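Participant: With the input below, show me the fold.
(one chain, ligands or ions: 1)
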Amino acid sequence: MTHDEARARDAADPLRPYRDRFALPEGVIYLDGNSLGPLPRATAPALADMVQRQWGDRLIRSWNEGWIDAPQRIGGKIARLIGAHAAEAIVADSPSVHLFKLLVAALRHDPTRHTVVSETGNFPTDLHIAEGAVGCVPGARLNAVARGDLHDAIDHDTAVTLLTHVHYKTGERYDMAQWTARAHDAGALALWDLSHSVGAIDVDLNAAGADLAVGCGYKYLNGGPGAPAFLFVSRAFQDRLASPLSGWMGHAAPFAFADAYAPADGMKRWLAGTPPMLAMAGLEAGVDLWLGVDRVQVAAKSATLFDLLAAIGAELGLECVSPANPVERGSHISFRHPHAYALCQALIARGVIGDFRDPDILRFGLTPLYLGFEDVWRAGEILGEILASKAYADPEFSKRNAVT
Ligand SMILES: *Cc1c(COP(=O)(O)O)cnc(C)c1O
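Facilitator: Numbering: from 1, shown residues only. Model (predicted):
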């Protein structure tokens, strides 16, 4: 694709108007929306309203003017993006905490099964939380195996499979329907982590028959740093699973102030404490932006942006570790390079923000709502210049930051 062709693609792009709904800084090409989504223009006014009017003026009255139902309301909006019913999703806590609740609940659900099956190299928190969760259930264990060994690892002792739909590093995608069926064949539940899928590729939990899922609010949903996360439980399991974090917000009648815990019906039982309303306002502004978006257009544009950057990478001699087939990948592309960290820093110094994943992965998020073809073309040009000039060899670019 030439520069002119990239511009022409942008001019014809039906998603182009969404770009103006983000406050993107000048001089930056943002290829990291899969890690922290950028700021929607609607967010600052929504937060100002939350602080000044809802908190400042309305004070505690706001709990009855829309706050207390925010977890279900925002969950219902996210449900539309993941192929779920409104009453199958709720927002609270973080993906890590949701994983803990669901894993313990799944292990307790069938005491004859003791194993959580997951993948080595899964996103770290998924494995760490699974380790913690099995430690809380007598007899339970975690069996993390390589992707190629998963099929055989799922057996009569498996309580739940814990798989991340789109791999955070390589972008590899599981066939959700196929792997859910594999779990069900063995009598296990299927728990999906959608952190790198929601808002990026088409997700249809109910069509796939999925039982449980969690996902992230601050990546493709643009809900703000550390935004609350969503949790999905299919209707079939809603009254058969209980949260181990039996807090009062998940109680059937929190304001009856009873001593004994009794879980609420439906998704509310997955709440533990009081919803963080400042953060919820940011998340809702990000999620609202998605409601009118045509997800077929998003998937198509993601695939084309990927192909453009894959072609540029190939021309530059970079090794792409992400699958070539669009249905086998998510919406980011990763290249392997021995100087990936320094390359990433050199790119950031030139205004192209991607990220580095240990030990040698240079990762670029391709977010169709606000990224144009010309942006990707231009990022490729800058990447080519940095590779050719070896500008990344400057020792300045090898200093490791705490967050990569
Ligand atoms: C980003 C991400 C998370 C984030 O979890 P936090 O609790 O927000 O730190 C979890 N799982 C996966 C697969 C992710 O990509």
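Participant: got the buried residues for the longest helix that the chain contains?
Facilitator: When the chain is parsed with DSSP state H, its longest helix is helix 295-315. The neighbour-count check on helix 295-315 (16 or more other CB atoms under 10 Å) flags 295, 298-299, 301-310, 312-313 as buried. (Glycine included, C-beta is placed from N, CA and C.)
Participant: Of all the residues you listed, the one with the weakest confidence?
Facilitator: Lowest pLDDT of the buried residues of helix 295-315: R295, 90.
Participant: residues in contact with the longest helix of the chain?
Facilitator: Surrounding helix 295-315, the residues in contact under the criterion CB atoms under 8 Å, 6 or more residues apart in numbering are 1, 6, 9, 13-15, 81, 199-202, 320, 322, 324, 326, 329, 331, 333, 335, 364, 366, 368-369, 371, 373, 376-377, 379-380, 383-384.
Participant: do that again at 7 Å, thanks
Facilitator: When contacts are defined by CB atoms under 7 Å, 6 or more residues apart in numbering, helix 295-315 is touched by residues 1, 13-15, 200-202, 320, 326, 331, 333, 335, 364, 366, 368, 371, 373, 376-377, 380.
Participant: Same check on stretch 255-272?
Facilitator: So stretch 255-272 is contacted by 71-72, 75, 87-90, 92-93, 101, 231, 233, 238-239, 242-243, 245-247, 249-252 (CB under 7 Å, 6+ apart).
Participant: Then stretch 190-199?
Facilitator: Stretch 190-199 has contacts (CB under 7 Å, 6+ apart) with 34, 81-82, 95, 102, 106, 123, 126, 160-166, 168, 176, 179-180, 183-184, 203, 210-216, 219-221, 290, 330.
Participant: circling back to that earlier point, what is the nearest of the buried residues of helix 295-315 to the ligand?
Facilitator: Set against the ligand, the nearest of these by CB to the nearest ligand atom is S302 (16.7 Å).
Participant: now the closest one, nearest residue through space, not along the chain?
Facilitator: S331 (4.3 Å; CB to CB, 6 or more residues apart in numbering).
Participant: Same check on D157?
Facilitator: Distances taken as CB to CB, 6+ apart place T115 nearest to D157, at 4.8 Å, with adjacent residues excluded.
Participant: Also E5?
Facilitator: Nearest residue to E5, sequence neighbours excluded (CB to CB, 6+ apart): F373, at 7.9 Å.
Participant: My read is that that neighbour contacts A12, right?
Facilitator: No. Counting by CB atoms under 7 Å, F373 stays clear of A12, with 9.6 Å between them.
Participant: How about the helix or strand containing E131 and the ligand, touching?
Facilitator: Assigned by DSSP states H and E, E131 belongs to helix 124-135. Yes. Remark: helix 124-135 sits within contact range of the ligand at 125-126, by CB under 6 Å from any ligand atom.
Participant: Quick check: next helix or strand after that helix?
Facilitator: On the C-terminal side of helix 124-135, the closest following helix or strand by DSSP H and E is strand 141-145.
Participant: With just CA atoms, put that next one into CSV.
Facilitator: C-alpha atoms of strand 141-145 as CSV (Å, rounded to 0.1, in the frame of the first residue of the first chain):
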residue,chain,number,x,y,z
ARG,A,141,-4.6,-28.0,41.6
LEU,A,142,-3.6,-26.1,38.6
ASN,A,143,-2.4,-27.9,35.5
ALA,A,144,-0.9,-25.4,33.0
VAL,A,145,0.3,-27.0,29.8
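Participant: Could you check that strand against the ligand for contacts?
Facilitator: No. Strand 141-145 is not in contact with the ligand by CB under 6 Å from any ligand atom; minimum separation 13.9 Å.
Participant: Please name the strands paired to that strand in the sheet, noting orientation.
Facilitator: strand 115-119 (parallel) (DSSP bridges).
Participant: name the element the closest residue to the ligand within the stretch 151-300 of the chain belongs to?
Facilitator: For the stretch 151-300 of the chain, the residue closest to the ligand is S195, as judged by CB to the nearest ligand atom, at 3.3 Å. S195 belongs to no helix or strand when assigned by DSSP H and E.
Participant: that older thread, show me the contacts for the residue nearest to D157.
Facilitator: Residues near T115 by CB under 7 Å, 6+ apart: 141, 143, 157-159.
Participant: Distance to R19 and neighbour count for these - can I get that in a markdown table?
Facilitator: Shown next, in a markdown table, are the contacts of T115 (distance: CB to CB, whole Å; neighbours: other CB atoms under 10 Å):
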| residue | distance to R19 | neighbour count |
| --- | --- | --- |
| R141 | 48 | 16 |
| N143 | 44 | 19 |
| D157 | 50 | 16 |
| T158 | 44 | 23 |
| A159 | 44 | 27 |
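Participant: Please tell me how far the residue nearest to A87 when sequence neighbours are not counted sits from E319.
Facilitator: Residue nearest to A87 in three dimensions, not counting chain neighbours: G266, with 5.8 Å by CB to CB, 6+ apart. The span separating G266 from E319 equals 48 Å under the rule CB to CB, to the nearest Å.
Participant: do E172 as well
Facilitator: Here the criterion is CB to CB. By it, E172 lies 15 Å from E319.
Participant: SS state for R363?
Facilitator: Here R363 is recorded as strand under DSSP: H, G, I helix; E, B strand; the rest coil.
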